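Asks: Next come a sequence and a model predicted from it.
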Amino acid sequence: MPYNYSTAKDTLTDAEKARIICIFLNMDQSVVNQSVNWELAKNQIASASIESLKKGLQNTLKKLDKVEDGAVAASPTKKTPAKKTPSKKRKAAAGGSDADGAAENDADDDEKKKRSPKKKVKKEGSDEDDEV
């Protein structure tokens, strides 16, 4: 009797899942390939095709073989992607492009411009400083 993958994934404890994995890995793989309902498994796991599901299983078993042979060190399977922090320029650009906050940002920018001190720029050929 085939079981529903999502029900099993949500219902079973980690120990029960580990038991199933252990039993599966210790079965004769030629028998497994013949007795698996690949169409049902493909649909339950939302795989693109039966071939891709079989290839994924084959790659997973190769990965285990490499670790057992000592060629590759065991590593955690879940990797957290590095979070990118946007630069100040990107933050400013993202803040200014918001349609709802555009008027507020323009008003804030005008206030900042009024408060900022004026820089003195030296003209070429003259010793006097002029305000810009």
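Replies: Received it, and whenever you're ready, just let me know what you need.

Asks: Okay, buried residues for the helix or strand hosting Lys63 please.
Replies: In the assignment (DSSP states H and E), Lys63 maps to helix 50-69. Neighbour-count burial for helix 50-69, with 16 or more other CB atoms under 10 Å as criterion, is recorded at Leu53, Lys54, Leu57. Quick note: C-beta positions are derived from backbone N, CA and C, even for glycine.

Asks: mind listing what Leu61 touches?
Replies: Gln29 (CB atoms under 8 Å, 6 or more residues apart in numbering).

Asks: Quick check, pLDDT for it.
Replies: Note on Leu61: pLDDT of 88.

Asks: And it, how close does it get to Asn43?
Replies: 22 Å (CB to CB, to the nearest Å).

Asks: likewise Asp69?
Replies: Computed as CB to CB, the Asp69 to Asn43 distance reads 34 Å.

Asks: likewise Met27?
Replies: With the distance defined as CB to CB, Met27 ends up 22 Å from Asn43.

Asks: So for Phe24, what's the nearest residue that isn't a sequence neighbour?
Replies: Excluding its sequence neighbours, the residue lying closest to Phe24 (CB to CB, 6 or more residues apart in numbering) is Val32, at 7.1 Å.

Asks: name the element that neighbour belongs to?
Replies: Applying DSSP H and E, one finds Val32 within helix 29-35.

Asks: tell me the mean pLDDT over that helix?
Replies: Averaged over helix 29-35, pLDDT sits at 83.

Asks: can you map out the strands along the chain?
Replies: Using DSSP state E, the strands assigned to the chain run over residues 120-122, 129-131.

Asks: Low-confidence ranges, the chain, go.
Replies: Low-confidence segments of the chain, defined by pLDDT under 70: 1, 72-132.

Asks: Go again with 80.
Replies: Across the chain, the ranges flagged by pLDDT under 80 are 1, 70-132.

Asks: In contact with Ala41, which residues are there?
Replies: Tyr5, Ser47, Leu53.

Asks: So the first one versus Ala41, what's the distance?
Replies: Going back to what we said before, that points to Tyr5. For Tyr5, the distance to Ala41 under the criterion CB to CB works out to 7 Å.
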